[in-house]
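Chemist: here you go, sequence then predicted model.
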Amino acid sequence: MGIDIASLKFFAAAGVQVNQEWQLIVQPKPFDNDYDSLPIFLHWLQQNHIKPDNAIICMEATGVYNEVLAHFLVANGYPLAIQPPLEVKRAFKPVGHKTDPVDSQQIAEYAYRFFDELRLWIPREQILEQIKTLLATREQFCMQKTAHMNALKALQRKYVRTPLAEKLHEDTINHLKSDITAIEREIERLIDQDPNHRQLIGLMMSIPGVGFLLAAHLLVTFQSCPQPYDPRSLAAFIGICPYQKQSGTSVRGAATSRHYGPPGLRRLLYLAAMSVRTHHPYFRNYFVRKVQQGKPKKLVINNIANKLLRIICAVLRTQTPFIFGYRSVHPQLLNLKQPLTLS
């Protein structure tokens, strides 16, 4: 089944496999996108013999528009896949009508054609959902605070001063600072409610450069990443994994990341990499050595961010706090009867 979501309505259509081909069997039908229409939609599913054990429902990621319906379907046992809209769009040629009923049919066909690539959606824990919302709100307030500070600085440099305008900017800045502090305290309170989350935050904060905000962002991201404790998968999900760009003899671009993923987390990782580059001896020596070898500074900083991710994943997998100066030993060396000597 495919569902096309809009702010006020959604269209649902369903199809099956007939002679190795997809065929539409349930014509698109509109429903109101609100709480009152959900029981009506569930009754319609049952009338058309669409049950949790014989169907999979697919919809596009549309932010808050599909949240209520997604939670409702999962609560009733239906397997649900939420796909990026760009992936669905690229699966079809840009010909024919572009309407909500047609989109619902295409989403259903997409689910049939790429069934083996669908990843079932799992609702995020309530605490993590609240933390995610608070982190997003904090980031918005920080951007507003920066904008007001820049505006205030510009007003203070004017020849003709306007005290009222400057005071309003100062009051807004102080109010935003107070709100940001309240948000951070609420995030700490939510994390303290769950011993497991509190332990993960403590393990991550034992690593140099990892502060509370970065650890909180990672805690929320782990549930969305397919392989949360795999550093390569996590780096690709965040958007700091460099990919080669080569084709034939003419295309020879430098390796670069695709910049997909959460920008707030990517920015915090960059700041953490800058911090350890300045204050941590190992990363400082690594940065100087790579720059002397001719590597671009931005590339080296990105490498340091990837190194931090590997350390974070290792600490969480082993459930062991970071140990400064730790050196791993090959297991075979522990079985040697004679001490290892250099000849």
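Modeler: Noted; the coordinates are in hand. Because the structure is predicted, anything quoted here is derived from the model rather than measured.
Chemist: if we go by neighbour counts, what in stretch 109-119 is buried?
Modeler: Of the residues in stretch 109-119, 109-112, 118 count as buried by neighbour count, 16 or more other CB atoms under 10 Å. In short, each C-beta sits where N, CA and C put it, glycine included.
Chemist: pipe those into CSV and attach secondary structure and distance to R258 per row.
Modeler: What follows is those, written out as CSV (DSSP: H, G, I helix; E, B strand; the rest coil; distance: CB to CB, whole Å):
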residue, secondary structure, distance to R258
E109, helix, 27
Y110, helix, 22
A111, helix, 25
Y112, helix, 28
L118, coil, 22
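Chemist: ok, those vs R198, which is closest?
Modeler: For the buried residues of stretch 109-119, the residue nearest R198 by CB to CB is L118; the value is 33.9 Å.
Chemist: tell me, what residue is most central in this protein?
Modeler: With distances taken as CA atoms, centre = their mean, the chain has P262 as the residue nearest its mean C-alpha position (4.6 Å).
Chemist: in contact with that residue, which residues?
Modeler: Contacts for P262 (CB atoms under 8 Å, 6 or more residues apart in numbering) come out as 217, 221, 238-239.
Chemist: span of stretch 119-132 from start to end?
Modeler: Using CA to CA, to the nearest Å, the end-to-end distance of stretch 119-132 comes to 21 Å.
Chemist: does anything pack onto the lengthiest strand in the chain? Which helices or strands?
Modeler: The longest strand of the chain (DSSP state E) is strand 21-32. The contact analysis (3 or more CB pairs under 8 Å, 6 or more residues apart in numbering; DSSP states H and E) places strand 21-32 against strand 9-18, helix 38-47, helix 100-113.
Chemist: related to what we said a few turns ago, looking at the contacts of P262, which has the most residues close by?
Modeler: The member of the contacts of P262 that has the most neighbours, counting by other CB atoms under 10 Å, is I238 with 24 neighbours.
Chemist: skipping adjacent residues, who's closest to it in space?
Modeler: G261 (4.5 Å; CB to CB, 6 or more residues apart in numbering).
Chemist: which of the helices and strands packed on strand 21-32 sits most buried?
Modeler: Mean neighbour count (mean count of other CB atoms under 10 Å) peaks for helix 100-113 among those, with a mean of 21.
Chemist: in the stretch 51-200 of the chain, what residue spans correspond to helices?
Modeler: 67-75, 85-90, 100-113, 126-156, 163-192, 195-205 (DSSP state H, counting those that start in this stretch).
Chemist: buried stuff in the fifth one?
Modeler: What it means is helix 163-192. Applying a neighbour-count criterion of 16+ other CB under 10 Å, one finds 169, 172-173, 176, 180, 183-184, 187, 190-191 buried in helix 163-192.
Chemist: helix or strand with the lowest mean pLDDT in the protein?
Modeler: Within the chain, no helix or strand scores below strand 251-256, which has a mean of 70 by mean pLDDT, DSSP states H and E.
Chemist: what sits up against the helix or strand that that strand is followed by?
Modeler: Downstream of strand 251-256, the first helix or strand assigned by DSSP states H and E is helix 263-279. Residues outside helix 263-279 that contact it (CB under 8 Å, 6+ apart): 135-136, 139, 208-211, 213-214, 217-218, 221, 238-240, 259, 283-284, 287, 301-302, 304-305, 308-309.
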